[in-house]
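1. Structure, please.
(one chain, ligands or ions: 2)
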Amino acid sequence: MLRISLLSFHRYSISSHFLNRSPKSLARPPMAVSVSAYTTSSSKLLFRQLFEKESSTYTYLLADVSHPDKPALLIDPVDKTVERDLSLVKDLGLKLVYAMNTHVHADHVTGTGLLKSKVAGVKSVISRASKSKADHLIEAGDKIYFGDLFLEVRATPGHTLGCVTYVTGDGPNQPQPRMAFTGDAVLIRGCGRTDFQGGSSDQLYESVHSQIFTLPKDTLIYPAHDYKGFTVSTVGEEMLYNPRLTKDKETFEDIMKNLKLSYPKMIDVAVPANMVCGLQDLSKSSVESVST
Ligand SMILES: N[C@@H](CCC(=O)N[C@@H](CSS)C(=O)NCC(=O)O)C(=O)O
Ligand SMILES: [Fe+2]
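-> Residues are numbered from 1 along each chain as shown. Ligands and ions are numbered 1, 2, ... in the order given. Prediction:
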């Protein structure tokens, strides 16, 4: 069950709308109500796509710049580019509140731990299903608020067991078209491999078709990697042109079995580090909340 009590004195919140979870978390939580004191009728998303070239990883910066605090979050930060990302956050006058991962990466060390050590108050976020340590362990249906904007969590396992896709909110003052941060579930004209970390091509196919390809066709797709020079796609475009995911499931599974990709160079270092936020020796006291 998602614990929200530790967030009670923060203005940024994660809530759940699942009926089988704590009634306290059914609605937008109390601290989110306190945010409404600052609510404007036109929340404005600031968005930046950043690239780390050694691992071909995209990091995304999002902020609500209509909010007086300009609360911001980073999705899939890389340890090597933390200084660049923080300098951008500073230049833009943002307050970084969340450092989030779509999954336990195998090809690079996440920047979440470093960000936590450099900026007071930053909370790390990853899925509970990843079995990793972080301040907030999120599940399908959770909403991650930053100011008046939010990301909705969709479970998209298959590349790894704990993969999630973060989708911008649907509702008044939320950005249109919607944006889906798919991690390695959907890459532009491709998808994440399924040959390690609890990967399953059957599960990936189901995840993409039920959780991503059901979004409005103009939803923008922002993946965690690109190896071909692409930056953005849409749900409609991938439903038409993705050379793997447009096939039937059997053909897809066959394609995935025969990718013949080499093992990621960093995997033996990256996975153990990423299971603890990118900090190998993360002390117990620096983990505020590891819900079970
Ligand atoms: N050569 C790189 C690893 C490349 C790789 O395996 N990428 C992953 C995403 S990172 S876990 C992947 O799923 N690729 C799918 C594809 O079709 O390329 C390295 O050594 O790090
Ligand atoms: Fe990955």
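
2. I'd say residue 239 and residue 221 touch.
-> No - counting by C-beta atoms under 8 Å, no contact exists between residue 239 and residue 221, whose distance comes to 10.4 Å. No exception for glycine: its C-beta is placed from N, CA and C like everyone else's.

3. Compare those two (neighbour count), which wins?
-> Of the pair residue 239 and residue 221, residue 221 is the one with more neighbours under other C-beta atoms under 10 Å, namely 24 against 15.

4. do you know how far the more buried one is from residue 176?
-> 15 Å (C-beta to C-beta, to the nearest Å).

5. Next: residue 46.
-> 15 Å.

6. hey, what's residue 125 bridged with?
-> residue 100, residue 136 (DSSP bridges).

7. any idea what sits nearest the residue nearest in space to the middle of the chain, other than its immediate chain neighbours?
-> Most central in the chain under C-alpha atoms, centre = their mean is residue 102, positioned 3.7 Å from the mean C-alpha point. Distances taken as C-beta to C-beta, 6 or more residues apart in numbering place residue 183 nearest to residue 102, at 2.8 Å, with adjacent residues excluded.

8. isn't the one you found right up against residue 207?
-> No - in this structure, residue 183 is not within contact of residue 207 by C-beta under 8 Å, at 10.6 Å.

9. Need the residues touching each of the two.
-> 156, 163 (C-beta atoms under 8 Å, 6 or more residues apart in numbering).

10. what about the strands in the stretch 151-292 of the chain?
-> All strands of the stretch 151-292 of the chain, identified by DSSP state E, counting those that start in this stretch, fall at 164-168, 179-183, 186-187, 190-191, 220-223, 233-234.

11. Can I get the ones you listed in TSV including distance to residue 245 and mean pLDDT?
-> Shown next, in TSV, are the strands of the stretch 151-292 of the chain (distance: least, C-beta to C-beta, whole Å; pLDDT from 0 to 100):
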stretch	distance to residue 245	mean pLDDT
strand 164-168	14	98
strand 179-183	11	99
strand 186-187	7	99
strand 190-191	6	98
strand 220-223	11	98
strand 233-234	11	98
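
12. so which of these is the most packed in?
-> strand 186-187 (a mean of 28; mean count of other C-beta atoms under 10 Å).

13. who does the one helix or strand residue 114 maps to touch, helix- and strand-wise?
-> Using DSSP states H and E, residue 114 sits in helix 112-118. With contacts taken as 3 or more C-beta pairs under 8 Å, 6 or more residues apart in numbering; DSSP states H and E, helix 112-118 sits against helix 82-91, strand 95-100, strand 123-127.

14. tell me the most buried of those?
-> strand 123-127 (a mean of 27).

15. What average pLDDT does that strand get?
-> On average, the pLDDT along strand 123-127 is 98.

16. Identify the residue spatially nearest to residue 212, adjacent ones excluded.
-> Nearest to residue 212 is residue 186, by C-beta to C-beta, 6+ apart, at 5.7 Å.

17. before we move on, back to that, compare the strands of the stretch 151-292 of the chain and report which one is nearest to ligand 1.
-> strand 190-191 (4.7 Å; C-beta to the nearest ligand atom).
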